[in-house]
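S.K.: coords below, sequence missing:
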């Protein structure tokens, strides 16, 4: 899996869950299962009850940790 640098994409960029799933090549169902098990990248629900988003730098850090494990 190719790693994206935060300098190129912007570390504060907010990604949707669908964008994260596409990048990780997983289904939304897998994301939901991983999330319930606490195995997804750090994520935040925006605006109280808004959509879940993952910051680009959080995803990059999570990918690096998976590669090291």
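M.R.: Done, it's in. Note that this is a predicted model, so its numbers are computed, not measured.

S.K.: Quick one: mean pLDDT over stretch 62-69.
M.R.: The average pLDDT within stretch 62-69 is 93.

S.K.: got it, and stretch 37-49?
M.R.: 93.

S.K.: Over to stretch 14-30?
M.R.: 97.

S.K.: Just the buried positions in it, please.
M.R.: 15, 17, 20, 21, 23, 24 (16 or more other C-beta atoms under 10 Å). Quick note: C-beta positions are derived from backbone N, CA and C, even for glycine.

S.K.: nearest to residue 47, of the residues you listed?
M.R.: Residue 47 lies nearest to residue 17 out of those, by C-beta to C-beta, at 15.3 Å.

S.K.: List the residues that contact the closest one.
M.R.: Applying C-beta atoms under 8 Å, 6 or more residues apart in numbering to residue 17 gives the contacts 28, 31, 43, 51, 52, 53, 54.

S.K.: Pull the contacting residues for residue 16.
M.R.: Neighbouring residues of residue 16 by C-beta under 8 Å, 6+ apart: 51, 53.

S.K.: ok but residue 53 is inside a strand, no?
M.R.: Yes - Residue 53 sits within a strand when classified using DSSP: H, G, I helix; E, B strand; the rest coil.

S.K.: Nearest spatial neighbour of it, chain-adjacent residues omitted?
M.R.: residue 14 (4.2 Å; C-beta to C-beta, 6 or more residues apart in numbering).

S.K.: is it fair to say residue 50 lies in a helix?
M.R.: No - counting by three-state DSSP, residue 50 is not part of a helix but coil.

S.K.: quick one: buried residues of the longest helix along the chain?
M.R.: If you go by DSSP state H, the chain has its longest helix at helix 56-68. For helix 56-68, burial by neighbour count (16+ other C-beta under 10 Å) applies to 56, 57, 58, 59, 60, 62, 63.
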